[in-house]
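In: sequence below, structure please.
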Amino acid sequence: MTGRPAAGGGRWVSVAPERLAGWIARFAARHGAIEAVILPDVVRLDAADGAVAECHVPFPPLRPSPVTPPITSPSPAALPAPAAALVAHACRERTVGVLLARLGGHAAGVFTGTRLDAAKVGSRQVHGRSAAGGWSQQRFARRRDKQSAEALRAAADVAVRLLTPRLPDLEAVVLGGDRRAVDEIREDRRLAPLFALEAGPFLTVPDPRLAVLEGAPDLFRAVRIRLLDP
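Out: Presented below is the predicted three-dimensional model:
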């Protein structure tokens, strides 16, 4: 697993919650006995040979769960208590709201674990920028601004209708799409209670179609790990 380079050194990998126990067991098998320490929003695994795995806690803070997580490694090593707590926390089923928005479309959904319980997807036409100059370009820019505002208002309306009635059930709200579009939607006061539940990471996804929305749990449930080689 090569992963992506991480700022400050090392590399990032993402591991599905159900595979995390096996991943930690294999990390220990490769690098020797591990010592696990809980830091703010991170469980740090220090291996005997100097390798380090900084496991970022999804949906922090870390709250140990009594649920025994599924393990996919055929012979997983016994995990230190902090690592076992992280696995159980990551595997816990949560009710999560998702709002994805770009100028060309939007999608909102409510997930219980990986199951999509409710969804609404829509699109709006927003013309690209014009290369023409003068009065025609100004008129085109005004039309585009109007289309953009209407598209983002439609996304906010969908979030109000689909997500706000589920506020009592939601443990977190995950955002994605285009940051600039989402930041404009953030200004809608009706959505303040939803944005108060915002949890990372921000999902950089293409135009939010139903298939993109359905794949969101693979992104927001994954445990992001920064690996530092010895």
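In: C-alpha only now, for contacts and for neighbours.
Out: Will do.
In: V110 reaches R161, doesn't it?
Out: No. V110 is beyond contact range of R161, at 11.9 Å (criterion: Cα atoms under 8 Å).
In: these two: which is more packed in?
Out: V110 (24 against 12; other Cα atoms under 10 Å).
In: may I have the strand or helix carrying the more buried one as CSV, with CA atoms only?
Out: V110 belongs to strand 105-112 when assigned by DSSP states H and E. Written as CSV, here are the backbone C-alpha positions of strand 105-112 (Å, rounded to 0.1, in the frame of the first residue of the first chain):
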residue,chain,number,x,y,z
GLY,A,105,-25.6,19.6,-9.2
HIS,A,106,-26.2,18.6,-5.6
ALA,A,107,-27.0,15.5,-3.6
ALA,A,108,-28.1,15.0,0.0
GLY,A,109,-28.5,11.8,1.8
VAL,A,110,-28.9,10.2,5.2
PHE,A,111,-26.8,7.1,5.9
THR,A,112,-27.1,4.5,8.7
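In: which residues outside it are in contact with it?
Out: 93-101, 116-124, 151, 155, 158-159, 162-163, 207-210, 213 (Cα atoms under 8 Å, 6 or more residues apart in numbering).
In: filter the residues you listed down to the buried ones and hand me the PyMOL line.
Out: To isolate in PyMOL the members of the contacts of strand 105-112 that are buried, counting by 16 or more other Cα atoms under 10 Å, one can use:
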select buried, resi 94+95+96+97+98+99+100+101+116+119+120+121+122+123+124+151+155+158+159+162+163+207+208+209+210+213
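In: in strands, which of the contacts of strand 105-112 fall?
Out: Among the contacts of strand 105-112, DSSP state E puts 95-101, 116-123 in strands.
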